[in-house]
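Enquirer: what's the 3D shape of this:
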Amino acid sequence: MTTTLTRAALFTGAAAASLALAAAPAQAAPITLSAGHVDVVDIAYEDGALELGLHDETTGTPVERDPAEVTLRVKPEARTQVPANRAYAFLGAAGAPVWILPQTSNPNLLFAGWAAHEVPTGVFQNNSVRLTLASVSGPADVSVYDVTLGTPVKKFDSGDGLPDTVVATAGEHHHTNWAFEAAGTYTLTFRASGTLTDGTTVTSAPVAYHFTVG
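Expert: Next comes the predicted model:
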């Protein structure tokens, strides 16, 4: 009888462990993205909270990813030189090396931007939220900018101090140039905030995004 009870107990314990393993969420494997469309910062408002993620379309099939599991690679092909035009002096000295993910699609590089597709209209005042680059850790400065009619317009620039903030409209999808002034590993930390129509302010947790350059 003692032997029977022991075997039953062992079976019950094994079954419980098996069920626990089956119920545990699968852990995504770390992944490196190096070419194709990616919304680096994907802003969402769900269940009363602002959240930041990463929207990956590099394979043509949209995938929502945890930024902690993703390394964004800026390949050697992204290396260029700072233009002589003084409007680009925020990137460094004219002729200095700089690695740029361009705001227009290049199939060999990441086509990087941010999006607020998952921010519904009618929820926030002015139908907009604020996206803030809170900090940059890395070997040099990072700038994110548009070029309109040949003139750069900075969105974020660690070279002149952070935090920097832009306004993102509900449903917005925006691509920019992402410039890194040296090869190496960088961490960019973003957060989002907004004011609901009732006057309540909500703020996301800070989220770190990881880049390797060169």
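Enquirer: Check the spacing between Val41 and Glu57 real quick.
Expert: From Val41 across to Glu57, the span is 14 Å (C-beta to C-beta, to the nearest Å). No exception for glycine: its C-beta is placed from N, CA and C like everyone else's.
Enquirer: the more surrounded of the two?
Expert: The neighbour comparison of Val41 against Glu57 (other C-beta atoms under 10 Å) goes to Val41, with 25 against 14.
Enquirer: Name the nearest residue to that one, sequence neighbours excluded.
Expert: Computed as C-beta to C-beta, 6 or more residues apart in numbering, the closest residue to Val41 that is not its neighbour in sequence is Trp114, at 4.1 Å.
Enquirer: mind checking pLDDT for that neighbour?
Expert: Looking at Trp114, its pLDDT reads 98.
Enquirer: pretty sure it contacts Ala44?
Expert: No. The pair Trp114 and Ala44 fails to qualify as a contact (C-beta atoms under 8 Å) at a distance of 11.8 Å.
Enquirer: Tell me which of the two has more neighbours.
Expert: Trp114 (25 against 20).
Enquirer: tell me the secondary structure for that one?
Expert: Assigned with DSSP: H, G, I helix; E, B strand; the rest coil, Trp114 falls in the strand class.
Enquirer: Return the distance of it relative to Tyr209.
Expert: 10 Å.
Enquirer: check contacts around Phe124.
Expert: Shown in contact with Phe124 (C-beta atoms under 8 Å, 6 or more residues apart in numbering): 45, 170, 194-197.
Enquirer: Is Val144 in a helix, a strand, or coil?
Expert: Val144 - assigned by three-state DSSP - is strand.
Enquirer: Any idea how many residues pack against it?
Expert: 23.
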